[in-house]
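*Asks:* Predicted structure and sequence below. I'll ask about it afterward.
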Amino acid sequence: MAKKILFINQEMTPYVPETELSKIGRDLPQKMQESGYEIRTFMPKWGNINERRGQLHEVIRLSGMNLIIDDTDHPLLIKVASIPLVRLQVYFIDNEDYFTKRQMTEDEEGHEYPDNGERAIFFARGVLETVKKLRWSPDIIHCQGWMGAVVPLYVKTAYHDEPAFANTKVITSLFQKQIKTNLGKNFKHCLEYREAKAELLKHYNEKFDFLELGKLAIDYSDGIIEAGNNVNADLLHYAKGKNLPILKYSGEDYAEAYPNFYNDICPE
């Protein structure tokens, strides 16, 4: 029986410009699918994505839920598209306030959005709620990019008793690309959901920046991948201190290295 992998990507070509993160976000799911894995792939529906060119369309049966963040209702929209020629389907998490009207991490003037933390929370919960609706239980969740960094916490706490995630292992890839500012004073409060209590976050700095977000992801992951040449040395050191399995950077040969790592984290 094919192992199931849920890819939670921050960026993917051809929907956003090519970067180290968007390229592996696009290529890895395809390569794993070609290797025999059953996959699902999610990313945010950033405002700079051209829906007509990318042929995105809304999936009505999956849309319509409201997610409450900081005591405010935020409607969840699910869109889907297929990358031509490779039969790779991509689900997009959308919301008018958080994504539709916005660029990626920064506005047109290069300033990072002050509510990037809330956007990451909405994205994470949106993905997990949608996977539940799909009645699909991943063996592995692979998070790529800081936008998915709160997923490991939610899987191991708030969603731990959900049948879809009861036996799921979580892997986090570390990349060079990072946010520069912190995620706002209210981040810990906004993150609270079910068993994901704010008290679980008390040993992290109040200034929740890229480093703290990375530590949070590492603390609740089952394995870590060094996904680039210049990932943050402090986060790598932190992961080693946790005695987690770590896959070192394997360059262009990752398509061979990753399946072995997946099998180590989630044996047959």
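*Replies:* Looks like it came in fine.
*Asks:* rest of the way, CA atoms for contacts and neighbours
*Replies:* Will do.
*Asks:* helices or strands next to the longest helix anywhere in the chain in the packing?
*Replies:* Ordering each helix of the chain by length in residues (DSSP state H) puts helix 116-133 first. Helices and strands touching helix 116-133, by 3 or more CA pairs under 8 Å, 6 or more residues apart in numbering; DSSP states H and E, are strand 66-69, strand 88-94, helix 151-156, helix 187-191.
*Asks:* Indicate which one of those is closest to Tyr15.
*Replies:* Tyr15 lies closest to strand 88-94 among the helices and strands packed on helix 116-133, at 10.2 Å (CA to CA).
*Asks:* Which strands border the closest one, and is each parallel or antiparallel?
*Replies:* Using DSSP bridges, the strands paired with strand 88-94 are strand 38-44 (parallel), strand 77-83 (antiparallel).
*Asks:* For the last one, C-alpha coordinates in PDB please.
*Replies:* Extracted C-alpha coordinates of strand 77-83, given in PDB (Å, rounded to 0.1, in the frame of the first residue of the first chain):
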ATOM      1  CA  LEU A  77     -11.900  29.300   0.600                       C
ATOM      2  CA  ILE A  78     -10.400  26.200  -1.100                       C
ATOM      3  CA  LYS A  79      -9.200  26.400  -4.700                       C
ATOM      4  CA  VAL A  80      -7.600  23.800  -6.800                       C
ATOM      5  CA  ALA A  81      -5.500  23.600 -10.000                       C
ATOM      6  CA  SER A  82      -3.400  21.100 -11.800                       C
ATOM      7  CA  ILE A  83       0.100  21.500 -13.200                       C
END
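*Asks:* in that strand, what's buried?
*Replies:* 77-81, 83 (16 or more other CA atoms under 10 Å).
*Asks:* list the contacts for Ala255?
*Replies:* Listed by CA atoms under 8 Å, 6 or more residues apart in numbering, the contact set of Ala255 reads 28, 31-32.
*Asks:* Helices - which of the residues you listed land there?
*Replies:* Those of the contacts of Ala255 mapping onto helices are 28, 31-32, per DSSP H.
*Asks:* Buried among those residues? Make that a ChimeraX selection.
*Replies:* Buried residues among the ones in helices among the contacts of Ala255 (16+ other CA under 10 Å), as a ChimeraX selection:
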select :31,32
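*Asks:* can you redo the ones in helices among the contacts of Ala255 as a markdown table with pLDDT and distance to Arg52?
*Replies:* A markdown table is the format used below for those (pLDDT from 0 to 100; distance: CA to CA, whole Å):
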| residue | pLDDT | distance to Arg52 |
| --- | --- | --- |
| Leu28 | 91 | 25 |
| Lys31 | 90 | 26 |
| Met32 | 90 | 28 |
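*Asks:* From the ones in helices among the contacts of Ala255, pick the one nearest Asn66.
*Replies:* Of the ones in helices among the contacts of Ala255, the one sitting nearest to Asn66 (CA to CA) turns out to be Leu28, at 31.0 Å.
*Asks:* Let me see the contact set for that closest one.
*Replies:* Residues counted as contacts of Leu28 (CA under 8 Å, 6+ apart) are Ala255.
*Asks:* quick one on the thing from earlier: which of the helices and strands packed on helix 116-133 has the highest mean neighbour count?
*Replies:* Mean neighbour count (mean count of other CA atoms under 10 Å) peaks for helix 151-156 among those, with a mean of 24.
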